[in-house]
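>>> Here is the input, now give the coordinates:
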Amino acid sequence: MKLSRIASQLNVRLDGNDAEITGVAGIEEAGPGQITFVANPKYASAVKMTKASAVIVSEDFPAAPLATLRSSNPYLTFARALALFYEPPKYQPGIHPTAQIHPSARVGANASIGAYVVIDEGVVIGDLCVILPHVVIYRGARMGNNFFAHAHAVVREYCQLGDDVVLQNGVIVGADGFGFAKDENNHWQKIVQSGAAILGDRVEVQANACIDRASIGETRIGPGTKVDNLVQVGHGCKVGEDTLLCAQVGLAGSTDVGNKVILAGQVGVAGHCKIGDGAIATAQTGIPNDVEAGTVVSGYPAIENRQWLRAVALFNKLPELVKTIRALNTKEKSAQ
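Residues are numbered from 1 along each chain as shown. Predicted structure coming up:
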């Protein structure tokens, strides 16, 4: 595909020769005939070393020794370029003979249902669904149009999923929340988890993540939110729109996360905390209290990111500071 055609389809500006492009790759791996990208200015020097035929850069990126596609959002443009060259598998409509679908279930038009899928009583699924082998959908669950479930995903009873929801392999939506109370014999008594998990439109949940049902009320994931691998969303949590929960994030029960929040890898949030719109928690942050909207927090217990960076810088100097203090104490004792 010619660069000029790629530029036209991606609505970006081409500077340089109209090379023939056959694929997409990272800047270090790219070779002749491939296009790559630079989104972070600190990698600008890599453009001089790459063997790629073209690179996607920002509008104000310096002149480069190869053809450039200039974009206001290079990372997004690169993502769209990938879609021009990668053709995902297509699944033809039809129901595999080993699939078990309850007579009362309603499945919309042009469904593709794979081997050993189980769809229980009272389930409602919209049009154009793709349900791959060994997916299990419990009774009373409801899914909108364009539902896509990869192998071994599970949707539990009475959960509700909007349009364009994607469940990657091993996802469990609506498993019982972790609720137990001690009885008079000091044994743990299970608390019935009666509430559903509800996912809005365009939610994607990635491999082996778990979104628990609520004890009462509901667990809700807002439209456009993306949930990464191995994330745990506890019972009764509320997560807003277009939020990112990155790998191994854990939300304890009844956590309230706002819109457009980013919780980076391994962030943990204590139960009943509220995280305001637009907040960011850097990797491995532990959040025991509410976080105000628009703030960036780090560390445990979570504090403002700039304060945490200063504290870490001081922590690295502790051995030197201890040595200095000991020397001063020795000098003081000698003077006495």
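
>>> Any idea how far the helix ranked longest in the chain is from the middle of the chain?
Looking across the chain with DSSP state H, the single longest helix is helix 318-335. How far helix 318-335 lies from its chain's middle: 49 Å, per Cα atoms, centre = their mean, to the nearest Å.

>>> Residue ranges of each domain in this structure, please.
As given by automatic domain parsing, the domain ranges for the chain are 3-85, 94-307.

>>> With distance to residue 319 added, can I get these in TSV?
C-beta: built from backbone N, CA, C; applies to glycine. Formatted as TSV, the domains of the chain follow (distance: least, Cβ to Cβ, whole Å):
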stretch	distance to residue 319
domain 3-85	30
domain 94-307	20
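
>>> what's the weakest-modelled helix or strand in this structure?
When the helices and strands of the chain are scored by mean pLDDT, DSSP states H and E, helix 318-335 comes last with a mean of 84.

>>> quick one, what contacts residue 155?
135-138, 141, 143, 149, 161, 167, 173-174 (Cβ atoms under 8 Å, 6 or more residues apart in numbering).

>>> hang on, I meant residue 21
Contacts for residue 21 (Cβ under 8 Å, 6+ apart) come out as 1-3, 6, 33-35, 53-54.

>>> circling back: comparing the domains of the chain, which gets the lowest mean pLDDT score?
Note on those: lowest mean pLDDT is at domain 3-85, with a mean of 91.

>>> Just confirm residue 263 contacts residue 282, I think it does.
No - with contact defined as Cβ atoms under 8 Å, residue 263 does not reach residue 282; the gap is 9.3 Å.

>>> more crowded one of the two?
Comparing residue 263 with residue 282 by other Cβ atoms under 10 Å, the one with more neighbours is residue 263, at 28 against 18.

>>> And that one, how far from residue 239?
Counting by Cβ to Cβ, to the nearest Å, the separation of residue 263 from residue 239 is 10 Å.

>>> Mind listing the shared neighbours of the two?
In contact with both residue 263 and residue 239: 245, 257, using Cβ under 8 Å, 6+ apart.

>>> what secondary structure does residue 47 sit in?
helix (DSSP: H, G, I helix; E, B strand; the rest coil).

>>> Helix or strand: which one has the closest residue to residue 48 other than its chain neighbours?
Closest residue to residue 48 apart from its sequence neighbours, by Cβ to Cβ, 6 or more residues apart in numbering: residue 65 at 6.3 Å. In the assignment (DSSP states H and E), residue 65 maps to no helix and no strand.

>>> Check the burial of the closest residue to residue 176 other than its chain neighbours by counting its neighbours.
Among residues not flanking residue 176 along the chain, residue 193 sits closest, at 4.3 Å (Cβ to Cβ, 6+ apart). Look at residue 193: counted by other Cβ under 10 Å, it has 22 neighbours.

>>> Residue 193 belongs to a helix?
No - read with three-state DSSP, residue 193 is coil and lies in no helix.

>>> need the contact list for it.
176-177, 179, 212-215, 235.

>>> again with residue 35
3, 6, 21, 23-25, 52-56, 69, 81.

>>> tell me the contacts of the spatially closest residue to residue 109 that is not a sequence neighbour?
Leaving aside its chain neighbours, residue 109 sits nearest to residue 127 (4.6 Å; criterion: Cβ to Cβ, 6+ apart). Going by Cβ under 8 Å, 6+ apart, residue 127 touches 108-111, 145-146.

>>> still on that earlier bit, report the buried residues of the longest helix of the chain.
If you call a residue buried by 16 or more other Cβ atoms under 10 Å, then helix 318-335 has no buried ones at all.

>>> sorry, back to before: quick check: which of the domains of the chain is buried the most?
domain 94-307 (a mean of 19; mean count of other Cβ atoms under 10 Å).

>>> Need the distance between the two termini of it.
57 Å (Cα to Cα, to the nearest Å).

>>> And the helices in the stretch 51-200 of the chain?
Ranges of helices in the stretch 51-200 of the chain, per DSSP state H, counting those that start in this stretch, are 74-85.

>>> show me what contacts residue 274?
Contacts of residue 274 by Cβ under 8 Å, 6+ apart are 255-256, 258, 290-291.

>>> Make CSV out of the residues you listed and add secondary structure and distance to residue 76.
Converted to CSV, those look like this (DSSP: H, G, I helix; E, B strand; the rest coil; distance: Cβ to Cβ, whole Å):
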residue, secondary structure, distance to residue 76
255, coil, 29
256, strand, 29
258, coil, 23
290, coil, 32
291, strand, 27
